[in-house]
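Chemist: predicted model follows, preceded by the sequence.
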Amino acid sequence: MSKCIKFRNKVLTDVRGISCDAKSVKKRFIFCAIRGATYNGNDYINEAIKNGARFILLEGDKYKVKNIDCVSYLYS
């Protein structure tokens, strides 16, 4: 069953899942690039894209990737 997610007035159709582990990302997943104490998820964005990520949610500055929607967020 397809899912539809709306974020910042952009509708993402046919989203299949969400993950913060680039290795578990599959086609049409959202990848959450979380910065942790040991690893920075931004370092794994390219791996997530190769695995089929359709959308990237990342911490910090916007990241430009052709044909991939990226949204940045900041912790306060």
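Modeler: Cool, the structure landed.
Chemist: this protein: strands as residue ranges?
Modeler: Assigned by DSSP state E, the chain shows strands spanning 3-7, 10-15, 17-19, 29-33, 53-59, 69-73.
Chemist: by mean pLDDT, show me the worst of those.
Modeler: Ranked on mean pLDDT, the bottom entry among the strands of the chain is strand 3-7, at a mean of 53.
Chemist: residues touching Cys20, list them.
Modeler: Phe31, Cys32, Ala33, Ile34, Gly41 (Cβ atoms under 8 Å, 6 or more residues apart in numbering). Every C-beta, even on glycine, is put in place using the N, C-alpha and C of the backbone.
Chemist: which residues touch the closest residue to Ser19 other than its chain neighbours?
Modeler: Leaving aside its chain neighbours, Ser19 sits nearest to Val25 (5.2 Å; criterion: Cβ to Cβ, 6 or more residues apart in numbering). Residues in contact with Val25 (Cβ under 8 Å, 6+ apart) are Ser19, Phe31, Glu47, Ala48, Asn51, Gly52, Ala53.
Chemist: can you give me the neighbour number for the second one?
Modeler: What it means is Phe31. 29 (other Cβ atoms under 10 Å).
Chemist: just give the closest residue to it, not the sequence neighbours.
Modeler: Leaving out its chain neighbours, the residue that sits closest to Phe31 by Cβ to Cβ, 6+ apart is Ala48, at 3.8 Å.
Chemist: quick check: the gap between the one you found and Arg16.
Modeler: Using Cβ to Cβ, to the nearest Å, one gets 13 Å for the distance from Ala48 to Arg16.
Chemist: next one: Lys50
Modeler: From Lys50 across to Arg16, the span is 16 Å (Cβ to Cβ).
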